[in-house]
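Compute the structure for the input listed below.
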Amino acid sequence: MRTTKENPQLQRLNRLSRRVLLLRRGIERGEATLKALKAKLHYLAEFVVPEMLDEMDWDPKRMEFREEEGDAVYVEFADGLMLRVRESFHPKLHAKETPERMEEMEWLEANGAGDLLTLDVSLSFARGEGKAARAVLAAIAKVDPSRPITKEKTIHYQTLQKFCRERVAAGLELPELLGVFNRRIAEAVQGEPPVAMVDGENGRRGIPPVHSDGYGF
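Numbers count the residues shown, from 1 in each chain. Below you'll find the predicted structure:
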């Protein structure tokens, strides 16, 4: 449906749709900028500065002191700027239930880290196997009555969404206990190349100016 200049409601809807599009594009640009800044910070903080710290010829005239404490190095410059360079370790274990992961756990346990390991035991029961599940829980309770047993029924979020949608479509109500709310989300896509929006006061192009209602609409 094409908008017409004679319809003020359609004109306002066009402005709102354009703002949705421009704000989404602004978010995408901001996310790209944030990603680039994080990459620069990572390179500077984890490569350039530590390497320069190792290579520097320390001159007490340029900085107050350089002090090592544990695995960190502190530098206080004459202008009050403080620098701290610390060691940071990032182990990466193999995926669970792989031979490599079992070997890693065995090594940790054999090398003084046994108390740091946790043992999670879980069993999965298919639909209709509730009787078998209750029997297993009862057996565990007999062995150690004081041990807490966690039982939790879950449903995948997308499955629940589909259930609610189909129930409403069938004309059935949803209980308040599910806390269901529906919302309408406006999305804008660019079809034909738009005519650039112009702020009439100063000729700026881009996001429409803020109007008297205070929301930029």
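
Can you name the helix or strand that Arg19 falls in?
Using DSSP states H and E, Arg19 sits within helix 8-43.

In terms of secondary structure, what does whichever helix or strand comes after that helix contact?
The first helix or strand that comes after helix 8-43 along the chain, using DSSP H and E, is helix 49-55. Using 3 or more CB pairs under 8 Å, 6 or more residues apart in numbering; DSSP states H and E, the elements in contact with helix 49-55 are strand 82-86. For glycine as for every other residue, the C-beta is placed from the backbone atoms N, C-alpha and C.

Can you get me a residue count around Met102?
Per other CB atoms under 10 Å, the neighbour tally for Met102 reads 12.

Which residues belonging to the stretch of helix or strand it belongs to are considered buried?
Remark: Met102 resides in helix 99-108, with elements defined by DSSP H and E. Applying a neighbour-count criterion of 16 or more other CB atoms under 10 Å, one finds Met105 buried in helix 99-108.

Quick one: end-to-end length of stretch 111-130, please.
With CA to CA, to the nearest Å applied, stretch 111-130 spans 41 Å between its terminal residues.

And the contacts of it?
For stretch 111-130, contacts defined as CB atoms under 8 Å, 6 or more residues apart in numbering pick out 105, 108-109, 132-133, 136.

Quick check: the residue nearest the centre of the chain vs Ala113, distance?
Nearest residue to the geometric centre of the chain (CA atoms, centre = their mean): Glu31, 12.5 Å. From Glu31 across to Ala113, the span is 39 Å (CB to CB, to the nearest Å).

Please parse the protein into its domains.
Annotated domains of the chain cover 94-120, 122-152 [automatic domain parsing].

which one of the ones you listed lies closest to Asn182?
domain 122-152 (27.0 Å; CB to CB).

Now tell me which helix or strand of the chain has the poorest mean pLDDT.
The weakest-scoring helix or strand in the chain, judged by mean pLDDT, DSSP states H and E, is strand 63-69 (a mean of 60).

So, low pLDDT: which residues of the chain?
The model of the chain has pLDDT under 70 over residues 1-5, 57-71, 151-153, 183-217.

Go through the domains of the chain and name the closest to Ala72.
Closest to Ala72 of the domains of the chain is domain 94-120 (CB to CB; 23.2 Å).

now the closest one: how far from the chain's centre is it?
28 Å (CA atoms, centre = their mean, to the nearest Å).

Then stretch 113-130?
With CA atoms, centre = their mean, you get 27 Å for stretch 113-130.

so how far does that stretch reach from one end to the other?
Taking CA to CA, stretch 113-130 runs 38 Å from one end to the other.

returning to that earlier point: quick one: name whatever helix or strand follows the helix holding Met102.
helix 130-143.

roughly how far out does that next one sit from the chain middle?
Counting by CA atoms, centre = their mean, helix 130-143 is centred 38 Å from the centre of its parent chain.

Check stretch 135-151 too.
37 Å.

I'm done for today, thanks for sticking with me.
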